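Engineer: Kindly generate the corresponding structure for this input.
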Amino acid sequence: MRGDPRTCSAWLAPLALLALIWLAPDVRADAEVRRADPLEVPTGEPPQPEGAAALASPERIRAAAAVLREHGHSELPVLAWALLASARSQQQGELVELAVELAPRSPGVRFEAARLSRDPRELVAALVALAQDFPGILWLVSLAAMSLLGGLLALALGACLVAALRGLPLHGHALGHRLRATEPPAWPGVLLCVAGFCVLPLFGVGGVLVAATAGALGALRLDRDQALRLALMLGALGVALGLGLERVTPALVAASRESDLIAAWRIDRGEALPGDLASVERASARDPGDLLLRFALATDRKRRGDLSHVVELLGDPLTSPEPALRSASFNLRGIARLAEGNLSEAIPAFERARAADETAPVMFNLSQAYGRALLLSEQQSAFAAASSLDDHLVNRYLAAEGASVHSVLIQAPLSLPLYLSRALEQSAESKALARELRERLLGPLEPDRLWMALPLIGAIAFLLHRGSVTRCSRCQRPLCSHCSREAMLVGTCTPCVRLFASRDTTDPRMRKQQLDLDRSRERHAQIRLALGGLLAPGAADLVEGRRLRGAASLFTLGVGLAMLCAPAVLPQPWDLGALGLAAPYALGALLVAPLYALGLSAALGRLSGSRRGS
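Structural biologist: You can find the predicted model right below:
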């Protein structure tokens, strides 16, 4: 007896559903056995790029570069440098173009190519690459900080020198009243002040603080505006030497020649140099909890095909506070598990990477894992999410052919802001460097706190400035209430009033003699200003009252001199090449040369004017 077809279909549908569930892949994370066919991963040591100088033809060089890129190397700067060396000796422009093709994002390679090809477009490309290169950005930050500190130092020391030259003779005049009631000599008091400044280094006070003390002491006798400007300059210099150095010295440490962070960055981007791996291994041994260093080591192991140590090196990515680093670590863990065929651990790893930071590489890899697990609906949604995040990246990887894991799965380098934030974190080395710099400038006496004395000295000079001593408006003699209260109120000293105000009772020969003395004093003053303008452009403008022009000149002079000294002081990463030397010298010369040209012109004008006046 045949059964009802509807009854048979009612029994067959649950049975078919049970069969599909039984045959479907188990993607639970706690499954004991869940594997797929492993991916083919390149193994063995890749060819060493530093031996590429002996290659015979551009075709063989391109073949070697293709092999290196299959092992995960995105750029080949060492190979490019070898080509540039060959191009320099053999005068072959084709090698220069090939070097740029191998390392288009290396600022040192682009600058050397610009030098060899004489192409200004390559120079512009080198500057653009410098602004996008992690070691280059650290170097730029260090150069900008050193230049700013040099400008502030020149401006503050120039203001202190001018204030000391103007105010210390007035202090000497006031102290001279202890020796004589009327018209006392100023030199005993000035010598006493200078002797006091010479004693300060014996108590651990550095040169900058001695100059600031001299300027503040001179500002006590100046007007309110001059004392306020000096206080602001000393305050800015103190903040730069205190809080500013704390922010900048981490970049100086990170940009050093043996920087572990730069080595990790090169490994992450596939641009590792000989010695980078050993440097990162030593740093990771010193700090096993640093996930960024472990991530770089795991990336290198993955490129070498050593998948068994990738997960071991990564450890627990949840210990990192950076979501991008956690996501990249889980993504690399999923890549290793998927390459081994272990879907039960690969898919949860990609899901954790997605929860930390949903990026196009993570979603693309998750779609690949879902596809290998035959979860087609999940694969389609993950692939759509990856395409919406970065369609260009997904299409580029889809167009790549080959069985290598680097062609099937995406491991994008960590973002540049992540490395920059890590580089600007304070460390024991950066604090020690800041302390050493303060000790050289301010002295060994409590260098971590001595920078606070600069704003304090400026504030004291502004709050306690006094106008009890001034200068004659005609002959610049000191005037005070002890000498003549009436002359101080008028602004002209008594001898000038007697000689030039009361003409009927004054001998013309005495008037002529005083005029000759005034001309001689003015001529010597112009000679001193000319010499000062040659040594420090802008100082003469400050003395003569052109404060804005003088301050701008002194600041520019300090910035230019700091740039000229930067190549001998700042660490230069290998990636910059000759650009790290040429850029500071060129910028420093562009700033300093016009200043000294204008200073020479002004000095010649002063000297010619003094001759005509005589």
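Engineer: And the strands in this structure?
Structural biologist: For the chain, the strands defined by DSSP state E cover 469-471, 478-480.
Engineer: Tally up the residues packed near residue 85, please.
Structural biologist: Counted with other Cβ atoms under 10 Å, the neighbours of residue 85 add up to 14. Using the backbone N, CA and C atoms, a C-beta is placed for each residue, glycine as well.
Engineer: From residue 429, how far off is it?
Structural biologist: 34 Å (Cβ to Cβ, to the nearest Å).
Engineer: For the residue sitting nearest the centre point of the chain, list the residues it contacts.
Structural biologist: Nearest to the geometric centre of the chain sits residue 141, at 1.2 Å (Cα atoms, centre = their mean). Contacts for residue 141 (Cβ atoms under 8 Å, 6 or more residues apart in numbering) come out as 248, 251, 255.
Engineer: what residues are up against the last one?
Structural biologist: Pointing back at residue 255 there. 135, 138, 139, 141, 142, 262, 423, 570, 571, 573.
Engineer: do the same with residue 114
Structural biologist: Contacts of residue 114 (Cβ under 8 Å, 6+ apart): 120, 122, 123, 125, 126.
Engineer: same question, residue 161
Structural biologist: 211, 214, 215, 539.
Engineer: ok, now with 10 Å
Structural biologist: 211, 214, 215, 218, 532, 536, 539, 542, 543, 554 (Cβ atoms under 10 Å, 6 or more residues apart in numbering).
Engineer: Let me have those residues in JSON lines, extended by pLDDT.
Structural biologist: Output for these, formatted as JSON lines (pLDDT from 0 to 100):
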{"residue": "211", "pLDDT": "89"}
{"residue": "214", "pLDDT": "87"}
{"residue": "215", "pLDDT": "89"}
{"residue": "218", "pLDDT": "84"}
{"residue": "532", "pLDDT": "79"}
{"residue": "536", "pLDDT": "83"}
{"residue": "539", "pLDDT": "81"}
{"residue": "542", "pLDDT": "80"}
{"residue": "543", "pLDDT": "78"}
{"residue": "554", "pLDDT": "90"}
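Engineer: Out of these, flag the one nearest to residue 271.
Structural biologist: residue 554 (42.0 Å; Cβ to Cβ).
Engineer: Quickly note the distance from that closest one to residue 538.
Structural biologist: In terms of Cβ to Cβ, residue 554 sits 4 Å off from residue 538.
Engineer: swap in residue 321?
Structural biologist: 47 Å.
Engineer: Of these two, which one has the most company?
Structural biologist: residue 538 (27 against 8).
Engineer: quick one, phi psi at that one?
Structural biologist: Per-residue torsions, residue 538: phi 110, psi -20 (degrees, to the nearest 10).
Engineer: doesn't residue 532 make contact with it?
Structural biologist: Yes: checked against Cβ atoms under 10 Å, the pair residue 538 and residue 532 is within contact range at 9.5 Å.
Engineer: which neighbours do those two share?
Structural biologist: 158, 599.
Engineer: that older thread, reformat the contacts of residue 161 as a markdown table; add distance to residue 375 and neighbour count.
Structural biologist: Putting the contacts of residue 161 into a markdown table (distance: Cβ to Cβ, whole Å; neighbours: other Cβ atoms under 10 Å) gives the following:
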| residue | distance to residue 375 | neighbour count |
| --- | --- | --- |
| 211 | 73 | 20 |
| 214 | 78 | 23 |
| 215 | 75 | 30 |
| 218 | 80 | 27 |
| 532 | 80 | 21 |
| 536 | 74 | 22 |
| 539 | 76 | 25 |
| 542 | 76 | 27 |
| 543 | 81 | 19 |
| 554 | 70 | 28 |
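Engineer: what pLDDT does residue 146 get?
Structural biologist: For residue 146, the model assigns a pLDDT of 91.
Engineer: ditto for residue 13
Structural biologist: In this model, residue 13 carries a pLDDT of 48.
Engineer: Inside helices: which ones of the contacts of residue 255?
Structural biologist: 135, 138, 139, 141, 142, 262, 423 (DSSP state H).
Engineer: isn't residue 364 right next to residue 388, touching?
Structural biologist: No: assessed by Cβ under 10 Å, residue 364 is found out of contact with residue 388, at 11.4 Å.
Engineer: Among these two, which residue is more densely surrounded?
Structural biologist: residue 364 (27 against 11).
Engineer: Give me the nearest residue to the more buried one, chain neighbours excluded.
Structural biologist: residue 386 (4.1 Å; Cβ to Cβ, 6 or more residues apart in numbering).
Engineer: okay, now that neighbour: neighbour count?
Structural biologist: Residues near residue 386, counting by other Cβ under 10 Å: 25.
Engineer: Likewise for the one 5 residues further on?
Structural biologist: By the other Cβ under 10 Å criterion, the neighbourhood of residue 391 contains 11 residues.
Engineer: about what we covered before: what residues are shared contacts of residue 364 and residue 388?
Structural biologist: Common neighbours of residue 364 and residue 388 are listed as residue 394 (criterion: Cβ under 10 Å, 6+ apart).
Engineer: Can you tell me how far residue 535 is from residue 124?
Structural biologist: 37 Å.
Engineer: re the thing from before, would CSV of the ones in helices among the contacts of residue 255 with pLDDT and distance to residue 492 be doable?
Structural biologist: Formatted as CSV, these follow (pLDDT from 0 to 100; distance: Cβ to Cβ, whole Å):
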residue, pLDDT, distance to residue 492
135, 89, 64
138, 90, 60
139, 91, 58
141, 90, 55
142, 90, 54
262, 89, 67
423, 88, 62
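Engineer: any idea which of the residues you listed is closest to residue 558?
Structural biologist: Checking those against residue 558 by Cβ to Cβ gives residue 142 as the nearest, at 16.4 Å.
Engineer: if I look at that closest one, how far off is residue 259?
Structural biologist: On the measure of Cβ to Cβ, residue 142 and residue 259 end up 12 Å apart.
Engineer: where do the contact lists of the two overlap?
Structural biologist: 253, 571.
Engineer: For the stretch 301-450 of the chain, which segments count as helices?
Structural biologist: 310-314, 323-340, 343-356, 360-372, 376-389, 391-399, 405-408, 416-423, 428-442, 447-450 (DSSP state H, counting those that start in this stretch).
Engineer: between those, which gets the lowest average pLDDT?
Structural biologist: helix 405-408 (a mean of 50).
Engineer: ok so, going back, quick check: neighbours shared by residue 554 and residue 538?
Structural biologist: With Cβ under 10 Å, 6+ apart as the test, residue 554 and residue 538 both reach 154, 155, 158, 595.
Engineer: So the first one versus residue 606, what's the distance?
Structural biologist: If I follow you right, that is residue 154. For residue 154 relative to residue 606 (Cβ to Cβ), the value is 21 Å.
Engineer: Pick out whichever of these two has more residues nearby.
Structural biologist: residue 154 (24 against 20).
Engineer: Grab the nearest non-local neighbour of the more buried one.
Structural biologist: Residue 154 sits nearest to residue 558 (Cβ to Cβ, 6+ apart), 2.7 Å away.
Engineer: gap between residue 88 and residue 117?
Structural biologist: 11 Å.
Engineer: quick one: contacts for residue 330?
Structural biologist: 314, 317-318, 348-357, 362.
Engineer: number of nearby residues for residue 291?
Structural biologist: Applying other Cβ under 10 Å, we find 23 residues neighbouring residue 291.
Engineer: Would you format the contacts of residue 161 as a markdown table with distance to residue 234 included?
Structural biologist: Shown next, in a markdown table, are the contacts of residue 161 (distance: Cβ to Cβ, whole Å):
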| residue | distance to residue 234 |
| --- | --- |
| 211 | 10 |
| 214 | 12 |
| 215 | 8 |
| 218 | 12 |
| 532 | 21 |
| 536 | 18 |
| 539 | 17 |
| 542 | 15 |
| 543 | 19 |
| 554 | 14 |
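Engineer: nearest to residue 434, of those?
Structural biologist: residue 211 (20.8 Å).
Engineer: In space, what's closest to that closest one - neighbours in sequence excluded?
Structural biologist: Residue 211 sits nearest to residue 160 (Cβ to Cβ, 6+ apart), 4.8 Å away.
Engineer: Many thanks, have a good one.
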